[in-house]
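J.: For reference, the sequence and a predicted model appear below.
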Amino acid sequence: MGTTQLESVPEPKYWHLKTVLSEALDSEFSVGEILPNERDLAARFGVARATLRQALEQLELEGRLQRRRGVGTTVAPPRVGVAVGTEQHAWPGAAEDAWQSVDCVLAAPPAAVADVLETASEELVHTVRRSRVSHGQPVAAELLYIPESSVPDLSAIDTPSATARARAVLRELQRLELEGQDRAVELGSARADDAKELDRLPGAPVLVVTTRFFAEGRTAAVSVATYRADTCRLTFADSGGVEIHHGPERQAS
């Protein structure tokens, strides 16, 4: 990584340094490679470490770098499109669903979810935990809340593991005729459990996508999916569906 003179640049030093570093990432570093330490980088570019940190933080927000605990700052993998919504509505777990089931438990949902599902405050619902991985890295974590009334025949199914039970719940859910769904998207901060699953620090920016699924004239299930904001770009399709892309060049369904 070469040196450059930043003293005469009219824009903020860290912003110009970010551009120089970005060019170096493209030409001199490979995915997963660890960057030199801050002291060496600051000396090489003749800037204060505070300026360097600003540039590195901006590159991390843009998804070019990843800060991994116990490892250091590494070059992030290329951005690949991750679709949250499609033009054709479908139940979770349907064909071509990219989510991976992790486990399923019976538990009381958060009060806000119970209100949407119109269940009693202490009523237990099936809570399916799922994850989504793109290019080998976690990009989203989901909690899917399904009341027992939506899967009434589930008790007759023998499921030896939590993962198998999660898949069984989703199969039973698909027996209902999906009448529609709606979504709400908001910017939030990663809670401790989300941060651990997404390999981020607590408080890191995330996009929270809440989806309600309707069947038999009621809300049959609620999904709360948390996406890493540093690796996602939010767009709205003409159909009204919500999609999150990692970058403009490549898109994966």
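T.: Noted; the coordinates are in hand.
J.: Pretty sure residue 144 sits against residue 127.
T.: Yes: the criterion here is C-beta atoms under 8 Å, and residue 144 meets it with residue 127 at 7.2 Å. All C-beta atoms are positioned from the backbone trio N, CA, C, and that covers glycine.
J.: So these two - more neighbours on which side?
T.: Neighbour totals were compared for residue 144 and residue 127, and residue 144 leads with 26 against 19 (other C-beta atoms under 10 Å).
J.: which one is the more buried one nearest to, not counting chain neighbours?
T.: Of all residues not flanking residue 144 in the chain, residue 128 sits nearest, at 4.2 Å (C-beta to C-beta, 6 or more residues apart in numbering).
J.: for that neighbour, helix, strand, or coil?
T.: The local conformation at residue 128, judged by DSSP: H, G, I helix; E, B strand; the rest coil, is strand.
J.: Equivalent analysis for residue 227, please.
T.: Under three-state DSSP, the three-state class of residue 227 is strand.
J.: gap between residue 67 and residue 123?
T.: Distance, residue 67 to residue 123, using C-beta to C-beta, to the nearest Å: 41 Å.
J.: Between these two, which is the more surrounded one?
T.: Applying other C-beta under 10 Å to residue 67 and residue 123 shows that residue 67 carries more neighbours, namely 18 against 15.
J.: Ramachandran angles for the more buried one?
T.: The phi and psi torsions at residue 67 (degrees, to the nearest 10) take the values phi -100, psi 110.
J.: Surely the residue nearest to residue 144 is in contact with residue 143?
T.: Yes: assessed by C-beta under 8 Å, residue 128 is found in contact with residue 143 at 7.4 Å.
J.: need the helices for the stretch 101-250 of the chain, in chain order.
T.: Using DSSP state H, counting those that start in this stretch, the helices of the stretch 101-250 of the chain run over 111-117, 162-173, 192-198.
J.: Please work out which of those is packed deepest.
T.: Mean neighbour count (mean count of other C-beta atoms under 10 Å) peaks for helix 162-173 among the helices of the stretch 101-250 of the chain, with a mean of 19.
J.: Check the offset of that one from the chain's centre.
T.: Relative to the chain's own centre, helix 162-173 is displaced by 22 Å; criterion: C-alpha atoms, centre = their mean, to the nearest Å.
J.: Only C-alpha atoms, please: export that helix in CSV.
T.: Written as CSV, here are the backbone C-alpha positions of helix 162-173 (Å, rounded to 0.1, in the frame of the first residue of the first chain):
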residue,chain,number,x,y,z
ALA,A,162,-35.5,-28.5,17.2
THR,A,163,-34.4,-28.0,13.6
ALA,A,164,-36.8,-30.7,12.4
ARG,A,165,-39.6,-29.2,14.4
ALA,A,166,-39.0,-25.8,12.8
ARG,A,167,-39.3,-27.4,9.4
ALA,A,168,-42.4,-29.2,10.4
VAL,A,169,-44.1,-26.0,11.7
LEU,A,170,-43.3,-24.3,8.4
ARG,A,171,-44.7,-27.2,6.4
GLU,A,172,-47.9,-27.1,8.4
LEU,A,173,-48.2,-23.4,8.0
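J.: quick one: contacts of that helix?
T.: Contacts to helix 162-173, defined as C-beta atoms under 8 Å, 6 or more residues apart in numbering, come from residues 91-93, 101-105, 126, 128-130, 144, 146, 150-151, 153-154, 157, 159, 220-221.
J.: sorry, back to before: who touches the residue nearest to residue 144 in this structure?
T.: 92, 101, 103, 104, 142, 143, 144, 146, 166, 169, 170.
J.: of the residues you listed, closest to residue 215?
T.: Taking C-beta to C-beta as the measure, residue 215 lies nearest residue 146 of those, at 10.9 Å.
J.: Could you report the neighbour count for that closest one?
T.: Neighbours of residue 146 (other C-beta under 10 Å): 25.
J.: Show the pLDDT at it.
T.: The per-residue pLDDT reported for residue 146 equals 96.
J.: how far away is it from residue 109?
T.: The value you get for residue 146 to residue 109, if C-beta to C-beta is used, is 10 Å.
J.: Next, show the common contact partners of the two.
T.: Counting by C-beta under 8 Å, 6+ apart, the common neighbours of residue 146 and residue 109 are 125, 127.
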